[in-house]
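*Asks:* here's a sequence, model it:
(chains A and B)
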Amino acid sequence: MPLDFKFPDVGEGTTEGTLIKWLVKEGDTIKADQPLAEIETDKAVVEIPAPRAGVILKLFGKAGEIVKVGSVLAQIGDAGERSGIGMTPTPSPAGIPSKPVPAAATTPPQKPAANPMNASAGGVGSVLATPSTRQLARQLGIDITTLKGTGPAGRITDDDVKRAQSLGGNAASTPKPTPTSTLSSPVASPNGMGPRLLNVPSLEPGKPAWKPEGTEERIPIKGIRKTISDRMVKSMFTAVQVTHMDEVDVTELVKLREKKKEELKKKGISLTYLAFVVKASVAALKNHPWMNASIDDASGEAVYKRYYHIGIAVDTEDGLMVVVIRDADKKSIVEIAKEMQTLAQQARERTVAPENLRGSTFTITNIGSLGGTYATPVINWPEVGILGLGKIAQRPVVVEGKIMPRHMMTVSLTFDHRLIDGAQAVRFCNEVLQHLEDPGLFLVDVV
Amino acid sequence: MGETTEHTDIAIIGSGPGGYVAALRAGKLGKQVTLIEKDPKGLGGICLHHGCIPSKSLIHTANLFHDCTHSQELGIHISNATLDFTQTQQFKSSVIDQLTKGIETLLKKAGVDVMFGTATFEKSHQLHIEQAHETLTLTADNIILASGARPMELPQLPFNGQTVITSKEALSLQQIPNSMAIVGGGYIAVELAHVYQKFGTQVTMIQRSPTILSQADPIVSELMRKQLEQFGVKILTNTEIASAAASKSGTILSTKAKDGTLTQLDVEKVLVATGRVPNTENLGLENTKVKLDEQGFVAVNEKCFTSDPKILAIGDVTGNPMLAHRGFYMGKIAAEVCAGLPSAYDAQVVPSVVYSDPEIAYVGLQEQEALKQGRQIITGFFPFSANGRALGSHRPAGFVKLIADPVSHVVLGGLLVGGRVSELISEVAFAIETASRLEDIAGTVHPHPTYSEAIAEAAENALKKGVHY
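*Replies:* Down below sits the predicted model:
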């Protein structure tokens, strides 16, 4: 009996991936755990291992195609066995199920079609949404039948569909790379004839929302870019983000790091300032639990986390990724530095394990490594705080009445004002800065 | 001349409502489209040439003729109303010609290549096309099958085009027959029974099941039966055709009722309208992966794709309800899907209309069906006998019935009988598609005096807020 091997769930929240390439071909004899394919998920490129030894009877999908979690990737049998076509859905770009919806009048179809009597039996009331909203859902790749409407009588509104998409969507169908038109807000017309839409771009799908004024290139937003885009939207439209900015004298920290740097370098470890900031932040988070928290919007509760998984933003070729130092409170600065080095490298190579890409409770982003002083970092939702680090540079500072050259670092702390007030945020920030300004006591035994 | 091969983005087989609309939409989306029609004069398909359009022309004429002689109450006394049936048919043909030319122009404007010939599949993406004077191999990225359906033939009553006919011939008779037997009781049978009875033919309907219009609500079947009998139509239900033999004047039909009653009928014309079967033969479908369902229709999914990834199918060939407006709808979806747009068949309902007198129109969930499902509903009712416009127009028969959810008041269905209900049903369909509630309909100002007020009144009636009923 051939085995239909389905694309497994490779990480939290992953619903689909792009097939990069097959590592085997039909007819190949394979060993258990032998990699079958490389698939790029929204988080990483993963190799999918074979569930058992056998012979590849059939492979489904071509390089570049989107594969859904749970869809059949390969049929694996024993030598001499033949592929059982027909019992296996053949994924195709058009999404044709192997058993098309019967059009017979006698069997009420699941999907709307066929006889009006049947359509009413199976269809009416099953999707409470207008045709235009249903179209929007298809454009955004949202299975509207899974949504709950917030409109009158449970009607599903455009906003419900957009919200579902910003939450990462559902795995219903593949969004086509067609541009999505957006409606501007309805504006009441001066003639009192009811609302009119102003500046409405073309609603026709497939047509650009604007007229090109020159050569343009259209590239589908997918993979990591899509994830970043969705998460940014979710964050900005959920958390009330306020950024507090300050600077800190890190002259002592610079000296400390200089002392240890060479010694660690010999061991292959690059001691970064970031590792110190992680440790300083964790220490402050322990005293300011509201910064290591989330808001559970569904239950209306604030969730204070007693674990300290620190997210570190990593700039990769494909886009921003956040690697996670788990249980940073239990690790030394050297350990943290070492782990960050490994994870950042893996992120750039797209080999980082899914568990190192999720579950962070507070995030740090080193915006200063490229330049700039201050920024307004966007919270890595559902967290409630993100600390952005500026460049460390020597600046003239007044110390005990004299202008002295000191190593200064700027920080920008964005916090969710729904949960945290300004004073609380500043208190937290102050503690982080104190640790960095006077690392002696705080760090002496952890380095 | 040797065999030539051409390539197109989309090839469409059949130029009926599904096919030509798919061609127009795809053409306007920038696709190269070839539309193949086997009848050189048949652009527009059965609907335009032998169905919807000619029947509506004849129905209009029949109603007008009937009204001329049945309007004494209004002070109209016409003693010698005569019908020049040749003129009637000419008018009908002129309407068809005008619409055919319109489609031709539209197709030209959309850049669609129209080819008259017979297409057969050689492969999933390859057609062999026999035109009048040459043959051609046409390959396409996608092929849309819109080959339609044809009248079902009864073994004991083979069609001969003269005395035993289909609706196609019935719509182009050159003389009004003295007598006509109509076998079947669906909407085509009912509409043509009206037409010819009103033109003066003695019509006898012979129906195997216990009611006519058995797909509609029983209340409607009963009402229609009474109405037809009032016009003079004889209706034999629970009756089968035992045998048929040619006679001097036409055909002698021997019928047998369920209770054993035997009847003999000598009629000039026998119209067989017992249903339609899909055109799936002689298309070379065996050379593709297209699969048929248990009833012989081409099975499709919500994107109108068949089980062959290159081939889509739309309209009557894909099953019930075999209605032009479903073909139009599917044609647009298929074209958009071929153009890579995220379209799908997600209409909640498809309205049904019978152009009888009074007209019948229904959409969505019906009372009888809700009962069967054990689903709780509320209904709202309003008779046209309480509607000013209907009374003034001498069309007091009929009613509007709305079916809604008892909790949310979301409109689920409607059943309308009356003078203009073919035009009214879209309001109910719109309410269903937009998940509107009874309050939404009741809260929409309907102009007075109109038939449409009956819909708002029925909504208020369901909410127990009616003022006129």
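
*Asks:* mind listing what's buried along stretch B:54-67?
*Replies:* The neighbour-count criterion (16 or more other Cβ atoms under 10 Å in any protein chain shown) identifies B:54, B:55, B:57, B:58, B:59, B:60, B:61, B:62, B:63, B:65, B:66, B:67 as the buried residues of stretch B:54-67. Using the backbone N, CA and C atoms, a C-beta is placed for each residue, glycine as well.

*Asks:* try stretch A:64-82
*Replies:* Residues of stretch A:64-82 classed as buried: A:66, A:67, A:68, A:69, A:71, A:72, A:73, A:74, A:75, A:76, A:77 (neighbour count, 16+ other Cβ under 10 Å).

*Asks:* what's the closest of those residues to chain B?
*Replies:* In terms of Cβ to the nearest Cβ, no member of the buried residues of stretch A:64-82 lies closer to chain B than residue A:66, at 13.5 Å.

*Asks:* residues contacting that closest one?
*Replies:* Residue A:66 makes contact with A:16, A:17, A:18, A:19, A:174, A:222, according to Cβ atoms under 8 Å, 6 or more residues apart in numbering or on different chains.

*Asks:* pLDDT wise, what is it at?
*Replies:* At residue A:66, the pLDDT value in this model is 81.

*Asks:* gap between it and residue A:26?
*Replies:* Using Cβ to Cβ, to the nearest Å, residue A:66 is found at 21 Å from residue A:26.

*Asks:* got the phi and psi for whichever residue of the stretch 301-450 of chain B sits closest to chain A?
*Replies:* When scored by Cβ to the nearest Cβ, the stretch 301-450 of chain B has residue B:319 as its residue closest to chain A, at 3.2 Å. Backbone torsions for residue B:319, taken as degrees, to the nearest 10, come to phi 120, psi -170.

*Asks:* go ahead and confirm it touches residue B:294.
*Replies:* No - contact criterion Cβ atoms under 8 Å: residue B:319 and residue B:294 do not qualify, at 10.5 Å.

*Asks:* circling back to that earlier point, dump the buried residues of stretch B:54-67 into TSV; add pLDDT and secondary structure as well.
*Replies:* Shown next, in TSV, are those (pLDDT from 0 to 100; DSSP: H, G, I helix; E, B strand; the rest coil):
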residue	pLDDT	secondary structure
B:54	98	helix
B:55	98	helix
B:57	97	helix
B:58	98	helix
B:59	98	helix
B:60	97	helix
B:61	97	helix
B:62	97	helix
B:63	96	helix
B:65	96	helix
B:66	95	helix
B:67	94	helix
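
*Asks:* out of these, who's near chain A?
*Replies:* When Cβ under 8 Å from any Cβ of the partner chain is applied, no member of the buried residues of stretch B:54-67 is adjacent to chain A.

*Asks:* point to the residue nearest the middle of chain B.
*Replies:* Centre of chain B computed as the mean C-alpha position; nearest residue by Cα atoms, centre = their mean is residue B:323, 4.5 Å away.

*Asks:* show the contacting residues for it.
*Replies:* Residue B:323 touches B:350, B:352, counting by Cβ under 8 Å, 6+ apart.

*Asks:* quick check: mean pLDDT across stretch A:234-243?
*Replies:* On average, the pLDDT along stretch A:234-243 is 94.

*Asks:* send me it as PDB with only the CA atoms.
*Replies:* C-alpha atoms of stretch A:234-243 as PDB (Å, rounded to 0.1, in the frame of the first residue of the first chain):
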ATOM      1  CA  LYS A 234      -0.900  43.300  12.900                       C
ATOM      2  CA  SER A 235       1.400  45.100  15.300                       C
ATOM      3  CA  MET A 236       0.600  48.600  14.200                       C
ATOM      4  CA  PHE A 237      -3.100  48.000  14.100                       C
ATOM      5  CA  THR A 238      -3.200  46.300  17.500                       C
ATOM      6  CA  ALA A 239      -0.700  47.900  19.900                       C
ATOM      7  CA  VAL A 240      -0.700  51.500  20.800                       C
ATOM      8  CA  GLN A 241       2.900  52.300  20.200                       C
ATOM      9  CA  VAL A 242       4.800  55.000  22.000                       C
ATOM     10  CA  THR A 243       8.600  55.400  21.800                       C
END
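
*Asks:* isn't residue A:278 right next to residue A:310, touching?
*Replies:* Yes - counting by Cβ under 8 Å, residue A:278 touches residue A:310, with 5.2 Å between them.

*Asks:* list residues touching both of those two?
*Replies:* With Cβ under 8 Å, 6+ apart, residue A:278 and residue A:310 have common neighbours A:325, A:328, A:364.

*Asks:* could I get these as a markdown table with neighbour count and distance to residue B:300?
*Replies:* Shown next, in a markdown table, are those (neighbours: other Cβ atoms under 10 Å in any protein chain shown; distance: Cβ to Cβ, whole Å):
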| residue | neighbour count | distance to residue B:300 |
| --- | --- | --- |
| A:325 | 24 | 53 |
| A:328 | 27 | 56 |
| A:364 | 25 | 54 |
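
*Asks:* tell me the one of the residues you listed nearest residue B:335?
*Replies:* residue A:364 (52.1 Å; Cβ to Cβ).

*Asks:* got the contact list for the residue nearest to the closest one when sequence neighbours are not counted?
*Replies:* Nearest non-adjacent residue to residue A:364, counting by Cβ to Cβ, 6 or more residues apart in numbering or on different chains: residue A:387, 4.9 Å away. Neighbouring residues of residue A:387 by Cβ under 8 Å, 6+ apart: A:277, A:281, A:362, A:363, A:364, A:365, A:377, A:411, A:412, A:413, A:429, A:432.

*Asks:* out of the contacts of residue A:66, which one has the weakest pLDDT?
*Replies:* Across these, the smallest pLDDT goes to residue A:174, namely 38.

*Asks:* quickly list what residue 403 is bridged to.
*Replies:* Since you didn't name a chain, this refers to chain A. residue A:398 (DSSP bridges).

*Asks:* hmm, I had chain B in mind actually
*Replies:* Beta-bridge partners of residue B:403, as defined by DSSP bridges: residue B:379, residue B:413.

*Asks:* just give me the neighbour total for residue A:344.
*Replies:* Per other Cβ atoms under 10 Å in any protein chain shown, the neighbour tally for residue A:344 reads 20.

*Asks:* quick check: it touching residue A:322?
*Replies:* No - the criterion here is Cβ under 8 Å, and residue A:344 misses it with residue A:322 at 10.8 Å.

*Asks:* what's the overlap in contacts for these two?
*Replies:* Shared contacts of residue A:344 and residue A:322, counting by Cβ under 8 Å, 6+ apart, come down to A:312, A:314.

*Asks:* distance between the ends of stretch B:414-425?
*Replies:* 8 Å (Cα to Cα, to the nearest Å).

*Asks:* what's the pLDDT at the residue nearest to the centre of chain B?
*Replies:* pLDDT for residue B:323: 96.

*Asks:* with the one 10 residues further on instead?
*Replies:* At residue B:333, the pLDDT value in this model is 97.

*Asks:* residue contacts, it?
*Replies:* B:303, B:304, B:314, B:343, B:344, B:345.

*Asks:* excluding chain neighbours, what is closest to it?
*Replies:* Using Cβ to Cβ, 6+ apart and skipping residues adjacent in sequence, the residue nearest residue B:333 is residue B:343, 4.8 Å away.

*Asks:* ok, the one you found touching residue A:134?
*Replies:* No - counting by Cβ under 8 Å, residue A:134 is not a contact partner of residue B:343; they are 10.3 Å apart.
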